[in-house]
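Chemist: return a 3D structure for these sequence lines:
(one chain, ligands or ions: 1)
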Amino acid sequence: MTKVITYGTYDLLHQGHLNLLRRAKELGDYLIVGVTSDSFDRGRGKLNVRNNVLERVEAVKATGYADEVIIEDYLGQKIDDIQKYDVDIFAIGSDWMGKFDYLNEYCKVVYLPRTEGISSTMLRAESQTSYRIGIVGSGRIAHRFVPESKVVNGAEVTAVMNPDKEKAEAFAQMHGLTAYTDYDQFLQNVDLVYVASPHLTHYDYTKRALLADKHVLCEIPFMLSKEEVLELYRLADERNLVLMEASKTAYCPAFGHIVTLVKSGIIGDVVDVKASLSKMVPPPTRELDAEQAGGAMTEHAPLTLLAIIKLLGIDWRDVDFHSRMENGVDIYTKGVMNYPHATASFTLGIGVKTEGNLVISGTKGYIYVPAPWWLTDFFEVRYEDQTKNKKYFYSYDGEGLRYEIQEWLSIIVNERRSCYKLRRRESVAIAEIIGKYRNHENVTEI
Ligand code: C2G
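Modeler: Below you'll find the predicted structure:
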């Protein structure tokens, strides 16, 4: 008996898949089809898959070509499967030509002709509303946003707005967009607004975008006080709009997994969270400019507070800050937060260098996430008995902004108002702590 194996996502199963499965089946007597798991696809950068794994398995079964369906869940599994199932032929579409030659060591590799003119990507695009995204601001993060948005279905950046005409035009030319210097005009020509402008302008640009009935994704620091966040969420609610904080770590798969592992108790009760983030910035730059709300706290607190608040919650009891100041900005701030049964600290530097890691300590063990923990792709769960330690690896694709863009669009399309990965009340708590610091509450200069 000749055994054939083939793999795929089989999202929105179409004629191309049917042809492939038929041809694969014709190569032998018994066909095994490996359907990718949802997390495997996310891990290899396929973020837009519509059908979940059960639906995809059902669709493959319904074709009648598969004698057996298995789930593909990890890199390297093909080699295991071929040996485990005693496979004679590995078949795959010609779009993968050459990519699986390494399997020749285990069985025969056949590249079957791909069906032209149809693909899951095409079908997803056809059935999806496409949104015109406008970017406010043209700085570093805005530059990264454009290529990242290209891998998310339904997102098309079409416009940029900067009151500085030269900057707006240079950015637009570089990315093939329309440049605007007038915000109202810009708002009339986009569906969604990504606010990536200087800190002190976030509130105003976001508010005006909401008043113009646009969904908004706003960069960190989201808002600089609790009151501002509450007001804007209220406004978004009244107008049935999505307002989301662009705290990219919150939406990245590995960070989400840390949170769920901790919540499921693998390190016992969490007693301490220590999060650090330091990036040296050479002057002159807005990060070192007091007039532009520069400083380690406004630059880096949003991500470290995200970790603390996701892990310990919003019911902290008190917070105090210790800052080293230079020319009116904190080049280093250490904050200590107390919870009824836990404590947390964050260490932030823009003119002081320190290790930027995250350590979550519990009654049974701890989780160590090395620097740069905010671009999470690896972490380790450690115990007293080191033989129980476990390392977790993930891919962190591109600049990592694709995860938040994907989430933003999915909330809009599915008519939800907020996202469990970063709840509104958590955004409010983060802004509240930043607001306290800016009001000089419990701040000691060192
Ligand atoms: N296919 C095809 N013609 C199309 C579209 C897809 O022949 N128009 C084939 C692909 O070449 C692949 C199979 O159908 O052999 C499944 O395609 P996808 O669902 O896109 O999955 P893919 O990402 O190619 O899975 O481990 C996963 C596999 O390595 C690849």
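
Chemist: pLDDT score for Q128?
Modeler: Per-residue confidence at Q128 stands at 69 (pLDDT).

Chemist: typo on my end, it should be A155
Modeler: Per-residue confidence for A155 comes out at a pLDDT of 86.

Chemist: residue in this structure nearest to the ligand?
Modeler: Ranking the residues of the chain by distance to the ligand (Cβ to the nearest ligand atom) places G93 first, at 1.7 Å. Using the backbone N, CA and C atoms, a C-beta is placed for each residue, glycine as well.

Chemist: centre of the chain to the helix or strand of the chain with the lowest mean pLDDT, how far?
Modeler: Counting by mean pLDDT, DSSP states H and E, the weakest-scoring helix or strand in the chain turns out to be helix 120-127, with a mean of 82. From the chain centre to the centre of helix 120-127 is a distance of 22 Å (Cα atoms, centre = their mean, to the nearest Å).

Chemist: for it, C-alpha coordinates in CSV please.
Modeler: What follows is helix 120-127, C-alpha atoms only, in CSV (Å, rounded to 0.1, in the frame of the first residue of the first chain):
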residue,chain,number,x,y,z
SER,A,120,-7.8,31.5,0.7
THR,A,121,-6.2,35.0,0.7
MET,A,122,-8.3,36.0,-2.3
LEU,A,123,-11.5,34.7,-0.8
ARG,A,124,-10.8,36.4,2.5
ALA,A,125,-10.1,39.7,0.7
GLU,A,126,-13.3,39.4,-1.3
SER,A,127,-15.5,38.9,1.7
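
Chemist: hmm, back to that, who's in contact with the residue of the chain closest to the ligand?
Modeler: G93 is in contact with 8, 16, 20, 111-114, counting by Cβ atoms under 8 Å, 6 or more residues apart in numbering.

Chemist: recalculate using a threshold of 6 Å.
Modeler: G93 is in contact with 20, 112, 114, counting by Cβ atoms under 6 Å, 6 or more residues apart in numbering.

Chemist: and if you look at E399?
Modeler: With the criterion set at Cβ under 6 Å, 6+ apart, E399 makes contact with 144, 148.

Chemist: helices of the stretch 101-250 of the chain, residue ranges please.
Modeler: If DSSP state H, counting those that start in this stretch is used as the criterion, the helices of the stretch 101-250 of the chain fall at 120-127, 140-149, 165-175, 183-188, 202-211, 226-238.

Chemist: state the pLDDT value of the residue of the chain closest to the ligand.
Modeler: At G93, the pLDDT recorded in the model is 97.

Chemist: that one and V60: what is the separation?
Modeler: 15 Å (Cβ to Cβ, to the nearest Å).

Chemist: how about V152?
Modeler: Taking Cβ to Cβ as the measure, V152 and V60 are separated by 26 Å.

Chemist: rounded mean pLDDT for the helix or strand hosting I433, please.
Modeler: Following DSSP states H and E, the helix or strand that holds I433 is helix 424-438. Averaging the model's pLDDT scores along helix 424-438 yields 97.
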